[in-house]
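> My questions are about this predicted structure, shown below with the sequence.
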Amino acid sequence: MNMNLTSGLVGARTQGPIGWLIWDNPTKLNALSPGMSEDALTVVEAYEADPAIKVVVMRGAGAKAFISGGDISSFDKTRANAEVARLAREAPTKLRLKLLNLEKPLIAMIHGYCLGGGLGMALNADLRFASSDAQFSVPAALRGIAYAPEGLKSLVDLVGPSVAKDIMFSARRLKADEALRIGLINRVVEADELEAVTVEYAERLAANAPLSIRASKFFINQLGLERAQRDEPRMDAMQREAENSEDFQEATRSFIEKRKPVFQGR
């Protein structure tokens, strides 16, 4: 897959039906630095357009961090004042919307530190699998930052208002077991098994009916909106598309023939 990546801080590799998006800034514990959002957008758009890729998994390079936050050393350039900050947010905002609306399942595989903007990035995924040594926090209250409402919505939707306030007010670090208990993450796995468990799960999703998964993702996201904002016609169309699909007939046939279904996504 030929992608024109320029920052040198984002990697991509495919493994069968899985497309990997890798935050690769190891000298700064994979901190989000200028140029990374643009490259990540390029990678995700390539995976979105490739029918062979059924699931996207994002991770940090190495096992010390998913993303340790924003690169504070670049803040004087990217956050010098409100207008500079607004321009610097454009690419990250575009990336966030692309990840949230990606029609394929997106899993965040989290080793070690997942802090600040790193936790924000992980919240853009559908599921979060973490190593037992993972740590989570949003240190905005230690940095004098009013964390953007769009990012907070993802946090509140997952853990509820009161727990979200605890995380934001205290800026404390949460260990993996607490993160699991409050619903911030879906699964905790020993660090040396995390990749194997994530790949096995991703392959399971890849073998399921793509139209069904795509509909579930879109419908669940739509249910988070007020009724008036929902795209009811598109939801109806997606239901009909699944009912009329070859995959639906294949599921019935394979059940009768006592074999595993082979889905084509149509």
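Now that the structure is in, tell me what you want to look at.

> Nearest residue to Gly69 in space, please, no chain neighbours.
Leaving aside its chain neighbours, Gly69 sits nearest to Gly116 (3.4 Å; criterion: CB to CB, 6 or more residues apart in numbering). Backbone N, C-alpha and C define where each C-beta goes, glycine included.

> surely that neighbour meets Ala141?
No. At 11.0 Å, Gly116 does not count as touching Ala141 under the criterion of CB atoms under 8 Å.

> okay, those two: which has more neighbours?
When neighbours are counted by other CB atoms under 10 Å, Gly116 and Ala141 differ, and Gly116 comes out ahead with 26 against 16.

> Read off the pLDDT value for the more buried one.
Model confidence at Gly116, expressed as pLDDT, equals 94.

> give me every residue that touches it.
Residues near Gly116 by CB atoms under 8 Å, 6 or more residues apart in numbering: 68-70, 137-140.

> Mind checking which of those land in strands?
Counting by DSSP state E, the contacts of Gly116 place Ser137 in strands.

> If you rank the contacts of Gly116 by neighbours, which is first?
Ranked by the number of neighbours (other CB under 10 Å), the contacts of Gly116 place Val138 first, at 27 neighbours.

> Give me the distance between that one and Leu119.
Distance, Val138 to Leu119, by CB to CB, to the nearest Å: 6 Å.

> Need the overlap of contacts for these two.
The contact lists of Val138 and Leu119 share Leu155, where a contact means CB under 8 Å, 6+ apart.

> quick one, strands of this protein?
Secondary structure of the chain by DSSP E: the strands cover 10-15, 18-23, 55-60, 65-67, 106-110, 113-115, 127-131, 135-137, 174-175, 187-189.

> Export these to CSV and append columns for distance to Val197.
Output for the strands of the chain, formatted as CSV (distance: least, CB to CB, whole Å):
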stretch, distance to Val197
strand 10-15, 14
strand 18-23, 13
strand 55-60, 11
strand 65-67, 16
strand 106-110, 9
strand 113-115, 17
strand 127-131, 7
strand 135-137, 19
strand 174-175, 19
strand 187-189, 5
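
> hey, which of those is tucked in deepest?
Comparing the strands of the chain by mean neighbour count (mean count of other CB atoms under 10 Å), strand 65-67 comes out on top with a mean of 28.

> Tell me the strands beside that one, with direction?
With DSSP bridges as the test, strand 65-67 is paired with strand 113-115 (parallel).

> which residues sit against the partner strand?
29, 64-69, 122, 130, 134-139, 173.

> now swap in stretch 149-164 and tell me
Against stretch 149-164 from outside (CB under 8 Å, 6+ apart): 93, 96, 119-120, 123-124, 138, 167-168, 182-184, 224.

> Now the two most distant members of the residues you listed.
Spanning the widest gap among these are Thr93 and Ile182, at 26.5 Å by CB to CB.

> show me where the stretch 1-150 of the chain has helices.
Taking DSSP state H, counting those that start in this stretch as the test, the helices found in the stretch 1-150 of the chain are 36-49, 75-78, 82-100, 117-122, 140-143, 149-159.

> Then the stretch 151-266 of the chain?
For the stretch 151-266 of the chain, the helices defined by DSSP H, counting those that start in this stretch occupy 161-170, 176-181, 194-207, 210-223, 232-243, 246-256.

> how about these, which one is nearest Val55?
helix 194-207 (4.3 Å).

> Could you pull up the residues touching the residue nearest to Phe136 when sequence neighbours are not counted?
Excluding its sequence neighbours, the residue lying closest to Phe136 (CB to CB, 6+ apart) is Leu174, at 4.5 Å. Residues near Leu174 by CB under 8 Å, 6+ apart: 135-137, 167, 182, 184.
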